[in-house]
Every structure is written in structure tokens, then in C-alpha cells.
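> Attaching a predicted model along with its sequence, questions to come.
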Amino acid sequence: MTNRIRDIRKAKGLTLADLAAACDPPTTAQTIGRLETGMRQLSLGWMNKIAAALGVEPASLMRDETGARAQIVAELGATGPEALSTPREAVLPHELAGEDGPPPLVLAITASIGEYRAGDLLWLRPIAPSAVQSAINRDCLVPRSGGRFAFGRLIDRRDTLVGLLPPGAGQKQVVVDNPAWVAVAFMLVRPL
């Protein structure tokens, strides 16, 4: 088992120094970095100290390598959604921890666009192709050719064509032919 300290720390917007200072008693950023990477053993004492500093349960710091994890697969910026070269693990909210089915996908918002603000995480659930009609008027992420994505409000479905209206003002409809999957937004996580 490996730990998730780095994933949780980054999801909370903390630097190594921030987390080190939040520990009781405070420690160094170097020590936190070594614990994150496994260069230093994560003892029960360290686990409790870091969990308290992050405001999470100690058990959530450990990663089960056998289970599928939700991943941030794209970022939405001013020019539209961009695929990440390497997906990142998304910290799963407690409400989703025990659900069955494929893990959710996450779209990280990097620039304010439409209803979304920079820093938002939009959680999406892949749906069966036969259920795409039920996603009309919902925000969806759809894969395109060449490892790209289209994101927007699903406004049309005709045969194998899926029509999306991007969230930015004045943008044209995007049509994707026969997408491999469609993921429907079901939760927005916005840091306060």
C-alpha cells in the first residue's frame, strides 16, 4: 500500500511547507516530502499527525492499489477542455467512497468560463451509449479523435452524432460523431 498524502495535500491547495507548519508540533517541508514519496516510513504517529493537519481520517491517507480510482483526465481553460498528458488521482469525497460501477472522471477547471470558476472540480459519471438521450440539457464530457475532449451542455443526439454547446459565451456548437463514451456531470466541488 502506498500513501495519498500528496494527492490530498494538492487537492486542498497546500504546499509542503503549509502542511509541515499545520502539523502539531510543526515539522519541515523536507520531512513531509520524504513521507509522501516513501523515502521515510509513514508510522502510525506520523499518519495521525498528518491526517489531523489535513483534516481527514487517518485511514484516508492510505491507497488501496487493487481498487479503481477516480482520475482528473482533463482541464477546462479559456480555450476549452485540454487532455492531461498524465491523469491525476482525484481525492474522492466521502459521499462517493462506497459506490459501485466505474470510477467517476473529473474535469479540473483552470479558468473561469460560463458557470464554472478556476479551481472547481467537476465530477462526471460515464453512462451507457443507450442512456445518452437522458443526458440532454446536462453538462457532459465527450472524447474526440486524437486524444482531445469536447465539453458542454448536451443539446442534441441524432443517430451517432452528439451535439454539445460549450459553456463560454458566443461559442459554436461542437458535434462529435460516435463517441466512445459520454460522461455526465453530477457533482461540482468548489473550494471556499
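Nice, I can see it. Numbering: from 1, shown residues only.
> isn't there a strand covering residue 164?
Yes - according to DSSP: H, G, I helix; E, B strand; the rest coil, the state of residue 164 is that of a strand.
> Lowest-scoring secondary structure element of the protein by mean pLDDT?
When each helix and strand of the chain is scored by mean pLDDT, DSSP states H and E, strand 62-63 comes last, with a mean of 75.
> What's the first helix or strand after that one?
Next along the chain after strand 62-63, taking DSSP states H and E as the criterion, comes strand 71-77.
> and that next one, what's its mean pLDDT?
Throughout strand 71-77, pLDDT has a mean value of 86.
> Any chance you could list what contacts whichever helix or strand comes after it?
Downstream of strand 71-77, the next assigned helix or strand under DSSP H and E is strand 80-89. Residues outside strand 80-89 that contact it (Cβ atoms under 8 Å, 6 or more residues apart in numbering): 4, 7, 69-76, 107, 141, 147-151, 166, 168. To be clear about C-beta, it is placed using only N, CA and C from the backbone, and glycine gets the same treatment.
> Among these, the buried ones, what's the PyMOL command?
Per 16 or more other Cβ atoms under 10 Å, the buried members of the contacts of strand 80-89 correspond to this PyMOL selection:
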select buried, resi 4+7+69+70+71+72+73+74+75+76+107+141+149+150+151+166+168
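> Where does pLDDT dip in this protein?
Within the chain, the stretches with pLDDT under 70 are 1, 63-69, 91-101.
> What are the boundaries of the helices in it?
If DSSP state H is used as the criterion, the helices of the chain fall at 5-11, 16-22, 29-37, 44-54.
> most remote residue from the protein's center?
Taking Cα atoms, centre = their mean, the residue of the chain most remote from its mean C-alpha position is residue 25, at 31.4 Å.
> I'd like the distance between that residue and residue 131.
53 Å (Cβ to Cβ, to the nearest Å).
> In CSV, could you pull the C-alpha coordinates for stretch 126-138?
Only the C-alpha atoms of stretch 126-138 are listed here, as CSV (Å, rounded to 0.1, in the frame of the first residue of the first chain):
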residue,chain,number,x,y,z
PRO,A,126,-19.7,7.7,-17.7
ILE,A,127,-23.1,6.4,-19.0
ALA,A,128,-24.0,3.7,-21.4
PRO,A,129,-24.5,4.8,-25.0
SER,A,130,-28.2,3.8,-24.8
ALA,A,131,-28.7,6.3,-22.0
VAL,A,132,-27.2,9.4,-23.7
GLN,A,133,-30.7,10.7,-24.6
SER,A,134,-31.4,11.0,-20.8
ALA,A,135,-28.4,13.4,-20.5
ILE,A,136,-30.0,16.1,-22.7
ASN,A,137,-29.6,19.6,-21.1
ARG,A,138,-26.8,18.3,-18.8
